[in-house]
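*Asks:* Pasting the sequence and the predicted coordinates here, then a few questions.
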Amino acid sequence: AQKITQTQPGMFVQEKEAVTLDCTYDTSDQSYGLFWYKQPSSGEMIFLIYQGSYDEQNATEGRYSLNFQKARKSTNLVISASQLGDSAMYFCAMREAGGGSARQLTFGSGTQLTVLP
Amino acid sequence: DAGVIQSPRHEVTEMGQEVTLRCKPISGHNSLFWYRQTMMRGLELLIYFNNNVPIDDSGMPEDRFSAKMPNASFSTLKIQPSEPRDSAVYFCASNRYNEQFFGPGTRLTVL
C-alpha cells in the first residue's frame, strides 16, 4: 500500500482564486510529520509547510494552509489567492516516528498545478 | 544562509564512467539525505546520514552506488560504473528539526 497518495495528477485554478490539493497518508505511527513541497519547472524543491501529528491547530504559512484531518488521515494543502508563480508540481510527504531529525521523507506522486490568467 | 549546495548542477557522462556528486549541507544541520527523482519512480530516498553516520542505505539501488560523509559539511554520492538507467536528478537535503531543505539538484545524464 502506498504511504502517501495524491489523487490529482493535475489541477487548474484561476488566478486569485483558492485551490485545494489533496493528500492522504497511511501510517500506524502515533507520531509523524507531514510536509508539502513545491517544485517549479526549474527543478528545485521548495519547502512550504509542516504539520505535526500532535499539532491541534492547522498549520498556516502565508497563503498556504493545511486542512489536517487526522481521523481521515488527510492533509490537504490550501493555496489562497493563487498567483501565476504558483504554477508548479506540489508534493506531499510524510516522516514517520516524528520528532528528532534523522528520519527520511516518503513522497507522494505529486500534483501539477496550473494557474490560469 | 547559503542553503544546501550541490555540485555539479549538470553532468553528462558515458556509460561505464565514474560519477561523483557533491553536497554541502546547511551549517548546523545534523542530518543529510540523498534522493533520486525520475519520471517513472518519482522521488526516492537513497541514503541518509545522522551526525555523519549512515543510518539507512536500503534505498541505494545496487553496489555501484556508494555514499560518504567524511565530515559535517560534506558528502559525496558516487556511481561506479554508471549506466544509462542512472540518468535522473539527484537531490541532497539536510535538516535539523522539522524542516528539510533541498539543494538545487544535480541533473545526471548517462549516455
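*Replies:* That came through fine.
*Asks:* give the contact list for the spatially most central residue of chain A.
*Replies:* Here the mean C-alpha position of chain A is nearest to the C-alpha of residue A:36 (Cα atoms, centre = their mean), at a distance of 3.4 Å. Applying Cβ atoms under 8 Å, 6 or more residues apart in numbering or on different chains, we find residue A:36 in contact with A:21, A:23, A:48-49, A:64, A:66, A:75, A:77, A:90-93. Using the backbone N, CA and C atoms, a C-beta is placed for each residue, glycine as well.
*Asks:* Show the average pLDDT along stretch B:18-29.
*Replies:* Per-residue pLDDT values over stretch B:18-29 give a mean of 96.
*Asks:* buried sites along it?
*Replies:* By neighbour count on 16 or more other Cβ atoms under 10 Å in any protein chain shown, the buried set for stretch B:18-29 is B:19, B:21-26, B:29.
*Asks:* gap between that stretch and the chain center?
*Replies:* Here the centre of mass of C-alpha atoms in stretch B:18-29, compared against the chain's by Cα atoms, centre = their mean, to the nearest Å, lies 7 Å away.
*Asks:* Let's see that stretch as PDB, backbone CA atoms only.
*Replies:* Extracted C-alpha coordinates of stretch B:18-29, given in PDB (Å, rounded to 0.1, in the frame of the first residue of the first chain):
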ATOM      1  CA  GLU B  18      32.600   7.000 -12.600                       C
ATOM      2  CA  VAL B  19      30.400   9.900 -11.400                       C
ATOM      3  CA  THR B  20      30.800  11.800  -8.200                       C
ATOM      4  CA  LEU B  21      28.100  14.100  -6.900                       C
ATOM      5  CA  ARG B  22      28.900  16.500  -4.100                       C
ATOM      6  CA  CYS B  23      26.800  18.100  -1.400                       C
ATOM      7  CA  LYS B  24      27.400  20.700   1.300                       C
ATOM      8  CA  PRO B  25      24.500  20.800   3.900                       C
ATOM      9  CA  ILE B  26      23.300  23.800   5.700                       C
ATOM     10  CA  SER B  27      25.700  24.600   8.600                       C
ATOM     11  CA  GLY B  28      24.400  23.200  11.900                       C
ATOM     12  CA  HIS B  29      22.100  20.600  10.300                       C
END
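*Asks:* Would the helix or strand of chain B with the lowest mean pLDDT count as contacting chain A?
*Replies:* Sorted by mean pLDDT, DSSP states H and E, the helices and strands of chain B end with strand B:53-56, the least confident at a mean of 88. Yes - using Cβ under 8 Å from any Cβ of the partner chain as the criterion, contacts between strand B:53-56 and chain A involve B:55-56.
*Asks:* Mark which of the contacts of residue A:36 are buried, thanks.
*Replies:* Of the contacts of residue A:36, these count as buried by 16+ other Cβ under 10 Å: A:21, A:23, A:48-49, A:64, A:66, A:75, A:77, A:90-93.
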